[in-house]
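K.L.:
Structure for this input, please:
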Amino acid sequence: MAETEDQKLAKASTTVKKAIGIIMVATLLSRLLGFIKQTSMAAIFGSSLQTDAFWAAFAIPDLLYLLVSGGAMTAAFIPIFTEFITSGRKEEGWRFASTVWNQIAIFLIVFIAFGEVFADFIILLLPGFRNNHEALAYGVVFVRLLYPMVFFTALAAMCNGILHSHNHFTAPSASWLIYNICFIAACFIFRHTLGLRGVCIGVVFGALSMVLVQLPVMRAKGMRYSFVIDSKNPDVKRYWKLFLPVMLGMSLAQINLMITPTIFGSLVGTGAITSLNYANRMMFIPLGMFGSAISMAVFPTMSRMAAEGDFRNLERALARGVRATFIFSLPCSAFFIVAGILCIRLVFGYGKFTFENCQATAFALTFYSIGLMGHSANQVINRGFYARKDSITPVITGIIALTITAPLSWFLIKTPLRHGGIALAISIATLFDMILLIILAKRKLALDLSSVLPMFLKTLFASAVMGAAGWFVLQKINIGPDRFGFKLSLEAFAAVCAVSGIVFAALAKILKIEEFDEMLGMVIRKFKR
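P.N.:
Have a look, this model is predicted:
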C-alpha cells in the first residue's frame with residue numbers, strides 16, 4: 001500500500017527530529033568544549049596585538065574551509081550523492097565522490113603551497129597591520145602554521161556530506177568534539193613554551209583528527225575510494241555547476257561574519273579584532289546549536305523529497321524549518337542583549353581577560369545578537385534553494401547584503417559605536433538578506449508565509465517581554481567593575497535565566513506557539529529515556 005503525503009511527511013518529520021536531536025546534543029557538547037577553548041585562550045593569552053594577529057590569521061584558513069570544503073561542499077554534494085543512494089546506484093556514487101575529492105585535493109595542495117609562499121602578502125590585506133611590523137610578523141607565522149588545516153577540514157567535510165546522505169549524524173558531530181579537545185590541549189601544553197604557535201599546531205592536529213574519527217564509519221557504510229578523475233562525468237560537471245555558485249553564496253555570508261570584522265577591526269585599534277571574534281564565537285553557540293543543527297538535519301530530507309519530485313512536502317518541510325529557527329533565535333537574541341555581559345564574564349572573564357575586555361566584547365555581542373535570527377533562518381532557506389538545485393538566488397541576495405556591510409561598517413566605526421558598529425552593520429545586512437530570501441522563497445519555493453508570520457510575531461512579542469523581565473532583574477543586581485566576581489555573576493546569570501525562561505515559557509503557552517510545545521515535548525521525552 002502506497003504511503004500518503006501526510007504519512008511521508010510524518011516519516012520525514014520523525015527523521016528530521018531525530019537528526020536535530022543528535023546534532024543538537026553533539027553541538028551542545030561541542031559548544032561546551034568551545035566555552036573551555038575560548039575561556040582558555042582568553043585567560044592564558046588575554047586580548048592583545050598577538051591575539052589580534054592570531055585570530056586574523058585563523059580567519060583566513062577558517063574561511064577557506066567554509067568556502068571550499070564546508071557548507072558549500074556539502075550543500076552541493078548531498079543532493080547529487082543522495083540521488084545515487086535513492087536510486088540504488090552506490091558504485092556510481094562512490095566513483096562520483098572519489099572524483100570530486102581528488103579534484104578538490106589537487107586544488108587545495110596548490111592553494112596551500114601558494115599561501116605558504118605568499119603569507120606576508122595575505123597579512124598585508126589587513127589595512128590596520130600594514131604599518132605595524134610586530135603584527136605583520138606574528139600574522140605571517142600564524143598563517144603559515146595554520147594553512148595546512150584546510151586540506152584536512154576539506155576531507156572531513158567530504159566525510160560529513162557522505163555520512164549525512166546516509167542519515168548518519170553522530171560521527172560528523174563527534175569530529176568537532178575531537179577538534180575542540182585538541183585546541184584546548186594545545187593551549188595548556190604550549191602556554192609556557194611555543195605559546196600561540198603551539199596552539200596553531202594543535203589546530204592542525206585537531207583538523208586531522210576530524211578525518212580519522214569518521215573513516216571507520218565511512219568504511220562501515222561501504223566506502224569505495226578510487227584514485228580517479230572522471231572530469232567528463234556529467235554528474236561531476238553538475239556538481240561543479242552547483243558548487244561554484246553555492247561557494248560564492250556561502251562565502252558572502254562568511255566574509256560578513258569573519259573577514260569584515262577582521263579588516264575593519266584592524267582599523268579600530270588593539271583588541272578590537274579579539275573582542276569581535278569572541279563576541280562572534282558567543283553568538284555561534286545558539287547559531288550552531290539551533291540554526292546550523294536545523295539546517296543540517298532538514299537538508300538531506302529536503303534533497304530526498306526534491307529527488308523524488310515531492311515538492312509539496314518539501315515546501316512544508318522548509319516552512320517548518322524556518323519556524324523552528326525563530327523559536328530559538330529570537331529569545332536567544334533578547335537574552336544576549338540583556339545579559340551579554342554576564343555571558344562574556346562567565347565564559348571569557350578569567351586570567352588576563354579584564355573587566356574592560358569583557359565590556360568591549362559584550363558591547364559587540366549586543367549588536368551581533370540583533371542579526372541572530374537572520375543568520376539562523378538564512379541557513380535553512382538557502383538549503384531550500386539548494387535542494388531544488390537553485391544556487392543562484394542565495395548568491396544574488398548575498399552580494400546585495402555584502403554591498404551593504406562594507407560601506408556601513410566604514411561609516412559606523414567612525415561613530416561612538418566603534419567596533420560595535422561593525423557588528424551592527426553585519427546584523428543589518430543579514431536581516432536584509434533574510435527578508436529578500438523570504439520574499440524569493442515565497443515566489444520560487446512556495447514558502448507558506450501564512451504559517452510562518454503569525455508564529456514569528458508571537459515569538460517576537462514573547463521574546464521582547466522576556467528581555468524586559470530579564471533586564472529588570474539585572475538592574476536590581478547592579479553588576480559593575482567592583483561587583484563582577486564569578487559568584488555574583490553566576491548568581492545573576494541564573495536569576496536572569498530563571499525569570500526569562502519562566503516568562504517566555506508562560507507566554508509561549510498563552511500564545512499557543514506550536515513549535516515551543518513540540519520542542520518541549522521532545523526534550524521531555526529525551527529526558528525520560
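
K.L.:
Quick check, S451 in contact with R323.
P.N.:
Yes - proximity of S451 to R323 meets the contact threshold set by CB atoms under 8 Å, at 7.1 Å. Using the backbone N, CA and C atoms, a C-beta is placed for each residue, glycine as well.

K.L.:
neighbour-wise, which of those two wins?
P.N.:
More crowded of S451 and R323, by other CB atoms under 10 Å: R323, with 23 against 14.

K.L.:
quick one: the most centrally placed residue in the chain from N180, how far?
P.N.:
A centroid search over the chain (CA atoms, centre = their mean) returns G288, at 5.0 Å, as the residue closest to the centre. Distance, G288 to N180, by CB to CB, to the nearest Å: 12 Å.

K.L.:
before we move on, what about H166?
P.N.:
25 Å.

K.L.:
Equivalent analysis for K512, please.
P.N.:
39 Å.

K.L.:
Compare the two (neighbour count), which wins?
P.N.:
Legend: neighbour count by other CB under 10 Å for K512 and N180, higher for N180 (21 against 10).

K.L.:
Contacts only, for F385.
P.N.:
When contacts are counted by CB atoms under 8 Å, 6 or more residues apart in numbering, F385 touches 391, 393-394, 441, 444-445.

K.L.:
Give the intersection of the neighbour lists for G288 and N180.
P.N.:
S30.

K.L.:
ok, back up a step: now rank the contacts of F385 by neighbours and give me the top one.
P.N.:
P394 (28 neighbours).

K.L.:
And for R281, the neighbour number?
P.N.:
Neighbours of R281 (other CB under 10 Å): 21.

K.L.:
how about it, what does it touch?
P.N.:
34, 38.

K.L.:
so it is in which element?
P.N.:
helix 272-286 (DSSP states H and E).

K.L.:
what is the mean pLDDT for that helix?
P.N.:
The average pLDDT for helix 272-286 rounds to 89.

K.L.:
next SSE after that helix?
P.N.:
helix 293-307.

K.L.:
what angle separates the very next helix or strand once past that following helix from helix 293-307?
P.N.:
In the C-terminal direction, the helix or strand that comes right after helix 293-307 (DSSP H and E) is helix 311-348. Here helix 311-348 runs at an angle of 160 degrees relative to helix 293-307 (axes from the mean of the first three to the mean of the last three CA atoms, to 10 degrees).

K.L.:
pretty sure L33 is touching C182, no?
P.N.:
No - judged on CB under 8 Å, L33 makes no contact with C182 at a distance of 10.2 Å.

K.L.:
quick one: which of those two has more around it?
P.N.:
The neighbour comparison of L33 against C182 (other CB under 10 Å) goes to C182, with 21 against 18.

K.L.:
Tell me how far the more buried one lies from Q214.
P.N.:
15 Å.

K.L.:
what does F54 give?
P.N.:
From F54 to Q214 the distance is 27 Å (CB to CB).

K.L.:
Now do the same contact list for L276.
P.N.:
Taking CB under 8 Å, 6+ apart, one finds 261-262, 265, 364, 419, 422-423 in contact with L276.

K.L.:
swap the cut-off to 7 Å and go again
P.N.:
261, 265, 364, 419, 422-423 (CB atoms under 7 Å, 6 or more residues apart in numbering).

K.L.:
Between these, which sits nearest V100?
P.N.:
The closest of these to V100 turns out to be P261 (CB to CB; 31.8 Å).

K.L.:
What is the neighbour count of the closest one?
P.N.:
Neighbour tally, P261, other CB under 10 Å: 29.

K.L.:
contacting residues around it?
P.N.:
273, 276, 280, 422.

K.L.:
tell me what the helix or strand harbouring the last one is packed against?
P.N.:
In other words, I422. Using DSSP H and E, the element containing I422 is helix 419-444. When contacts are defined as 3 or more CB pairs under 7 Å, 6 or more residues apart in numbering; DSSP states H and E, helix 419-444 packs onto helix 260-268, helix 272-286, helix 355-369, helix 372-387, helix 392-412.

K.L.:
pLDDT-wise, which helix or strand of the chain ranks last?
P.N.:
helix 514-528 (a mean of 64; mean pLDDT, DSSP states H and E).

K.L.:
these two touch, right, G398 and L252?
P.N.:
Yes - with contact defined as CB atoms under 7 Å, G398 counts as touching L252 (3.3 Å).

K.L.:
Now for I109, how many residues are close by?
P.N.:
I109, neighbours per other CB under 10 Å, totals 13.

K.L.:
Skipping adjacent residues, who's closest to it in space?
P.N.:
Once flanking residues are discounted, I109 sits nearest to F151: 7.0 Å by CB to CB, 6 or more residues apart in numbering.

K.L.:
Can you give me the neighbour number for that neighbour?
P.N.:
Considering only other CB under 10 Å, F151 is surrounded by 23 other residues.

K.L.:
Figure out the helix or strand that it lives in.
P.N.:
helix 149-165.

K.L.:
With E92 instead?
P.N.:
helix 90-117.

K.L.:
Skipping adjacent residues, who's closest to E134 in space?
P.N.:
L49 (6.2 Å).

K.L.:
residues contacting the one you found?
P.N.:
Neighbours of L49 in contact, by CB under 7 Å, 6+ apart: 134-135, 270.

K.L.:
and if you look at T39?
P.N.:
347-348, 350.

K.L.:
State the distance from the closest residue to L126 other than its chain neighbours to G139.
P.N.:
Of all residues not flanking L126 in the chain, S266 sits nearest, at 4.5 Å (CB to CB, 6+ apart). Separation of S266 from G139 (CB to CB): 10 Å.

K.L.:
Kindly report the same for I341.
P.N.:
Counting by CB to CB, the gap from I341 to G139 is 30 Å.

K.L.:
ok, now A364?
P.N.:
In terms of CB to CB, A364 sits 21 Å off from G139.

K.L.:
So S266 and G139 - more neighbours on which side?
P.N.:
G139 (25 against 22).

K.L.:
Quick check, the more buried one in contact with A56.
P.N.:
Yes - taking contacts as CB under 7 Å, G139 lies within contact range of A56: 5.9 Å.

K.L.:
circling back to that earlier point, can you show me the CA trace of the helix or strand following the helix holding F151 as CSV?
P.N.:
Using DSSP H and E, the next helix or strand after helix 149-165 towards the C-terminus is helix 170-189. In CSV, the C-alpha atoms belonging to helix 170-189 read as follows (Å, rounded to 0.1, in the frame of the first residue of the first chain):
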residue,chain,number,x,y,z
THR,A,170,26.8,11.1,15.1
ALA,A,171,30.4,10.7,13.8
PRO,A,172,30.4,14.1,11.9
SER,A,173,29.1,15.8,15.1
ALA,A,174,31.7,13.9,17.2
SER,A,175,34.5,15.1,14.9
TRP,A,176,34.0,18.6,16.2
LEU,A,177,34.3,17.5,19.8
ILE,A,178,37.7,16.0,19.0
TYR,A,179,38.8,19.1,17.2
ASN,A,180,37.9,21.3,20.2
ILE,A,181,39.7,18.9,22.6
CYS,A,182,42.9,19.2,20.5
PHE,A,183,42.6,23.0,20.5
ILE,A,184,42.2,23.1,24.3
ALA,A,185,45.0,20.7,25.0
ALA,A,186,47.4,22.8,22.8
CYS,A,187,46.6,26.0,24.9
PHE,A,188,47.7,24.4,28.1
ILE,A,189,50.5,22.2,26.7
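
K.L.:
End to end on stretch 141-158, go ahead and measure it.
P.N.:
28 Å (CA to CA, to the nearest Å).

K.L.:
How far off centre is it?
P.N.:
How far stretch 141-158 lies from its chain's middle: 18 Å, per CA atoms, centre = their mean, to the nearest Å.

K.L.:
Report the rounded mean pLDDT for that stretch.
P.N.:
89.
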